[in-house]
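**Student:** what's the 3D shape of this:
(chains A, B, C and D)
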Number of protein chains: 2
Amino acid sequence: MLREDVTDAIRSAVFDELAAVGYGRMSIEGIARRAGVGKAAVYRRWRSKLPLVLDTVSAVAVQGMPAPDTGSLLGDVRLLLEVTARALRHPVASQIIPDLLAEAARNPEIAAALQTALRDTQRGISAAVVRKAVERGELAAGTDADLSLDLIAGPLYWRLAVIRSPLPKGYLDSLAAATVTALKAAGAAR
Amino acid sequence: MLREDVTDAIRSAVFDELAAVGYGRMSIEGIARRAGVGKAAVYRRWRSKLPLVLDTVSAVAVQGMPAPDTGSLLGDVRLLLEVTARALRHPVASQIIPDLLAEAARNPEIAAALQTALRDTQRGISAAVVRKAVERGELAAGTDADLSLDLIAGPLYWRLAVIRSPLPKGYLDSLAAATVTALKAAGAAR
DNA sequence: ACACGACGAGACGGATCCGTTCCGTCGTGT
DNA sequence: ACACGACGGAACGGATCCGTCTCGTCGTGT
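**Tutor:** Predicted structure coming up:
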């Protein structure tokens, strides 16, 4: 019977190691060292680095974020941006996510794992927000779901994970307002 | 006298190696092998991996992109998106840029190099586009330059470098129209 | 109370890379 | 024409990691 506390220590060490050195440089030796664990304890659970990371990442993704439902498109977008910003501010997340996304361009299995862990979740939430706005008459019926996700998620991800600049006071409000306007324009354009 | 063809072969190999394995796994041994060159030829030019990459990246960034000037905000944004999309479609670029950006979160020297190579350039172009639109009366005078860059660059980078989905026909047109609307809203909000 | 087995530690042979040093060759500048 | 030096190749000791395999210890289930 594998000890759960050891499993947890390893999973936690994977996150720290991913954040510290990235997937490329990550080593099982380093993870075991960081977790205070023998290498055998790791190999007893996962065959290699890839399944270890895939499993650890998938385990986190299960925590599905519920779609916001504030009654207005602006409110939903504002809340969605707020939650996303909070997630992307965690130093560990903002290190690991871009790192794994870059690695996904090279590794189809990582790409698939991130697809279901991040992309599908966000796409679903974004689609739900748009759908409800259409029902309320705030957006045109044909509003493109993919373009909507790009408009909602793109600027904030760019700001927090690419440029890595801080968010000035009131930034999320301005961004939410601009995004809602963009969504309306995107629906009207077709 | 160092031979220039050898220097070029090394620089080219750096790009291929960065795209193939990423900065973390990149090795001077691998670069020399790929370039068909002795390791000494590399060490004769650069002291280690970091200056090699910094120098190679900086060399590319010199090719400054001119700010678009089509006479209308929509035209400028549309052209800017087109040029950016073309750049981000190059497989090598779309592999290297996210990889180095992720590494930049760990390495201040890489961060500084990318700052001047990418960020400052884009920021300048975006600011010029916004400034001209303000002069034409298309945007309010106080339109925030940082938010504008986020709105212009974010969705397309998200789409091409994060999600990595193809651009449907007419996507750039819809995106440009939505972005222009967002920019106008961003200016009016303050 | 006892046995099973997971545990941390670490040694192992093999692999890869580091940065340096030595060759013998070949291109270049004067 | 000649010498200087950069070249590709290869080897070097040292370092790190791989994946496996031993230890002796210690926790757990029955």
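**Student:** and stretch A:68-82, does that touch chain B?
**Tutor:** No: using C-beta under 8 Å from any C-beta of the partner chain, stretch A:68-82 stays clear of chain B, coming no nearer than 11.1 Å. All C-beta atoms are positioned from the backbone trio N, CA, C, and that covers glycine.
**Student:** and that stretch, what's its mean pLDDT?
**Tutor:** Across stretch A:68-82, the average pLDDT comes to 97.
**Student:** try stretch A:176-190
**Tutor:** 90.
**Student:** in it, which residues are buried?
**Tutor:** A:176-187, A:189 (16 or more other C-beta atoms under 10 Å in any protein chain shown).
**Student:** give me the contacts around that stretch.
**Tutor:** A:73-74, A:77-78, A:81, A:130, A:133, A:138-144, A:147-148, A:151-152, A:155, B:147, B:151, B:173-175, B:177-186, B:189 (C-beta atoms under 8 Å, 6 or more residues apart in numbering or on different chains).
**Student:** how about 6 Å then?
**Tutor:** A:73-74, A:77-78, A:81, A:139-140, A:142-143, A:147-148, A:151-152, B:151, B:174, B:177-178, B:181-182, B:185-186, B:189 (C-beta atoms under 6 Å, 6 or more residues apart in numbering or on different chains).
**Student:** next to DNA strand D, which bits of chain A? Give me the list.
**Tutor:** The interface of chain A toward DNA strand D, taken as C-beta under 7 Å from any atom of the strand, is made up of A:1, A:3, A:27-30, A:38-40, A:43, A:48-49.
**Student:** now those: which count as buried?
**Tutor:** A:28, A:30.
**Student:** now tabulate the residues of chain A next to DNA strand D in a markdown table and tack on distance to residue B:92.
**Tutor:** A markdown table is the format used below for the residues of chain A next to DNA strand D (distance: C-beta to C-beta, whole Å):
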| residue | distance to residue B:92 |
| --- | --- |
| A:1 | 49 |
| A:3 | 46 |
| A:27 | 27 |
| A:28 | 30 |
| A:29 | 31 |
| A:30 | 29 |
| A:38 | 41 |
| A:39 | 36 |
| A:40 | 40 |
| A:43 | 36 |
| A:48 | 28 |
| A:49 | 25 |
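**Student:** lowest-confidence entry in the residues of chain A next to DNA strand D?
**Tutor:** The minimum pLDDT among those falls on residue A:1, with 88.
**Student:** state the distance from that residue to residue A:38.
**Tutor:** Here the criterion is C-beta to C-beta, to the nearest Å. By it, residue A:1 lies 17 Å from residue A:38.
**Student:** equivalent analysis for residue A:101, please.
**Tutor:** For residue A:101, the distance to residue A:38 - C-beta to C-beta - is 32 Å.
**Student:** for residue A:83, same thing?
**Tutor:** 39 Å.
**Student:** can I get the residues of chain A next to DNA strand D in TSV with distance to residue A:90 and secondary structure?
**Tutor:** Converted to TSV, the residues of chain A next to DNA strand D look like this (distance: C-beta to C-beta, whole Å; DSSP: H, G, I helix; E, B strand; the rest coil):
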residue	distance to residue A:90	secondary structure
A:1	33	coil
A:3	28	coil
A:27	24	coil
A:28	25	helix
A:29	26	helix
A:30	22	helix
A:38	30	coil
A:39	29	helix
A:40	32	helix
A:43	29	helix
A:48	27	coil
A:49	23	helix
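**Student:** so which of the residues of chain A next to DNA strand D reach DNA strand C?
**Tutor:** Okay, of the residues of chain A next to DNA strand D touching DNA strand C (C-beta under 7 Å from any atom of the strand), that's A:1, A:3, A:38-40.
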